[in-house]
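**Student:** no sequence on this one, just coordinates:
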């Protein structure tokens, strides 16, 4: 009697093979799409009239007139990506991110139209960075295009590492690693009560004209303080954000809640921007000494000028007196000659 085939085991084997076939197909499609994406971007850019400067993490697309700006970005882009990812423990882009230098223009050359006040933007759906400021930049203003690029590059790298990142942290990192936090920013935030900080952190605060400025400034300050507290807790914070919510991730990394962090930020970080703190700080003292030196130089310059005027007046007075004495001597000599001539004439007539 023939044994019955074990249909269950055969069916299980067939199902496993089918499963692995699907995995292999999906892997192939993923690898192929990753390979074809930059190729497709280059072909599309060529059609749109762009040239390409290929780098490890960014491909700069530009037109002939923006060659100098493209060279500046190419020289900076990869090194910036390495520094940023190294400091925060993030993965570098697996494939180059396209960066288009597409200045605002009233003609038909603008490929990625945007409002005139936009300096640049990152489009996560298309995975592209667009720089819009090039038309306004002249020679000597190259630093501005680097600021715009680094800001948008931070957004792009963060998007590829963390699926859901709070807007204030996203913008704060972009501001901190591009333009930085200035004394004017600190002076501005001193006027905002701690209890109102949370009003400027939601997504909506960055989208309204009356709150956007403070929202960007506050986010920049908060992240600057986080960086000052150390690299390790910040990298842990970003890592935890991939797995849990904001409050839990922050508490796990820093051991405090956000409300207490805001208080620390106000008392420990912003306090250095009070007028008294600025004056007694090393930078403030240097500024005061420099100002004092400038004032002393101005006083000395004024004194020297007055001295020169006084010396000039004295020289003129001496010259007038010398002329007067000379004139008197000439007149006296002439009078003596006239008298002598008169006496000689009288003697002649007498004879």
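**Tutor:** Right, received. Where do you want to start? The shown structure was predicted, so the numbers you read here are calculated from the model rather than taken from an experiment.
**Student:** Show me the residue at the heart of this protein, geometrically.
**Tutor:** Centre of the chain computed as the mean C-alpha position; nearest residue by CA atoms, centre = their mean is residue 179, 2.4 Å away.
**Student:** Report how many residues lie close to the closest residue to residue 228 other than its chain neighbours.
**Tutor:** Setting aside the residues directly before and after it, residue 228 is nearest to residue 269 in space (CB to CB, 6 or more residues apart in numbering), at 7.3 Å. To be clear about C-beta, it is placed using only N, CA and C from the backbone, and glycine gets the same treatment. Residue 269 is flanked by 19 other residues according to other CB atoms under 10 Å.
**Student:** if I read this right, residue 269 contacts residue 225, doesn't it?
**Tutor:** Yes: under the criterion of CB atoms under 8 Å, residue 269 is in contact with residue 225, at a separation of 4.5 Å.
**Student:** Where does the residue nearest to residue 228 sit: helix, strand or coil?
**Tutor:** Classification of residue 269 into helix, strand or coil gives helix, according to DSSP: H, G, I helix; E, B strand; the rest coil.
**Student:** check contacts around it.
**Tutor:** Applying CB atoms under 8 Å, 6 or more residues apart in numbering, one finds that residue 269 lies in contact with 221, 224-225, 228.
**Student:** Equivalent analysis for residue 171, please.
**Tutor:** Contacts for residue 171 (CB under 8 Å, 6+ apart) come out as 206, 215-216, 219-220.
**Student:** Any of these buried? List them.
**Tutor:** Under a neighbour-count criterion of 16 or more other CB atoms under 10 Å, the subset of the contacts of residue 171 counted as buried comprises 206, 215-216, 219-220.
**Student:** where along the chain do the strands fall?
**Tutor:** Secondary structure of the chain by DSSP state E: the strands cover 51-54, 58-62, 97-101, 120-123, 128-131.
**Student:** can you put the ones you listed in JSON lines and add mean pLDDT?
**Tutor:** Compiled in JSON lines, these are given as follows (pLDDT from 0 to 100):
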{"stretch": "strand 51-54", "mean pLDDT": "92"}
{"stretch": "strand 58-62", "mean pLDDT": "95"}
{"stretch": "strand 97-101", "mean pLDDT": "94"}
{"stretch": "strand 120-123", "mean pLDDT": "92"}
{"stretch": "strand 128-131", "mean pLDDT": "93"}
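**Student:** closest to residue 147 out of those strands?
**Tutor:** Comparing the strands of the chain by their distance to residue 147 (CB to CB), the top pick is strand 120-123, with 9.4 Å.
**Student:** what are the pairing partners of the closest one, and which direction each?
**Tutor:** Strand pairing for strand 120-123, determined by DSSP bridges: strand 128-131 (antiparallel).
**Student:** What lies in contact with the partner strand?
**Tutor:** Outside strand 128-131, the residues within contact range by CB under 8 Å, 6+ apart are 41, 58, 69, 73, 97-103, 112, 114, 119-123, 145, 148-149, 152-153, 156.
**Student:** Could I get the full set of helices for the stretch 201-350 of the chain?
**Tutor:** 209-228, 231-241, 246-254, 258-264, 275-280, 282-350 (DSSP state H, counting those that start in this stretch).
**Student:** just the contacts of residue 269 now: which is nearest residue 260?
**Tutor:** Ranking the contacts of residue 269 by separation from residue 260, with CB to CB as the measure, puts residue 225 on top at 12.8 Å.
**Student:** right, and the closest one touches residue 263 too?
**Tutor:** No: with contact taken as CB under 8 Å, residue 225 and residue 263 are classed as non-touching, separated by 11.7 Å.
**Student:** In terms of neighbours, single out the busier of the two.
**Tutor:** Set side by side, residue 225 and residue 263 give different neighbour counts by other CB under 10 Å, the larger being at residue 225 (20 against 14).
**Student:** if we can go back for a sec, in TSV, list the contacts of residue 171 along with distance to residue 92 and pLDDT.
**Tutor:** Formatted as TSV, the entries for the contacts of residue 171 read as follows, by distance: CB to CB, whole Å; pLDDT from 0 to 100:
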residue	distance to residue 92	pLDDT
206	27	92
215	29	94
216	26	94
219	24	96
220	24	95
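**Student:** any chance of these in JSON lines, with distance to residue 255 too?
**Tutor:** Output for the contacts of residue 171, formatted as JSON lines (distance: CB to CB, whole Å):
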{"residue": "206", "distance to residue 255": "28"}
{"residue": "215", "distance to residue 255": "27"}
{"residue": "216", "distance to residue 255": "28"}
{"residue": "219", "distance to residue 255": "22"}
{"residue": "220", "distance to residue 255": "24"}
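**Student:** and residue 145, how far is that from residue 99?
**Tutor:** Between residue 145 and residue 99 the distance, using CB to CB, to the nearest Å, works out to 11 Å.
**Student:** and for those two, which residues touch both?
**Tutor:** Shared contacts of residue 145 and residue 99, defined by CB under 8 Å, 6+ apart, are found at 73, 131.
**Student:** Same drill for the two, tell me which one is more crowded.
**Tutor:** residue 99 (28 against 24).
**Student:** What distance do you get for residue 306 to residue 312?
**Tutor:** Shown here: residue 306 relative to residue 312, a distance of 11 Å by CB to CB.
**Student:** Repeat that for residue 157.
**Tutor:** As it turns out, when the distance is counted by CB to CB, residue 157 lies 68 Å from residue 312.
**Student:** between the two, who's got more neighbours?
**Tutor:** Neighbours were counted for residue 157 and for residue 312 using other CB under 10 Å; residue 157 has more, 25 against 10.
**Student:** what's the burial count for the closest residue in space to residue 253 that isn't next to it in sequence?
**Tutor:** Computed as CB to CB, 6+ apart, the closest residue to residue 253 that is not its neighbour in sequence is residue 237, at 3.7 Å. The local packing of residue 237 (other CB under 10 Å) involves 19 other residues.
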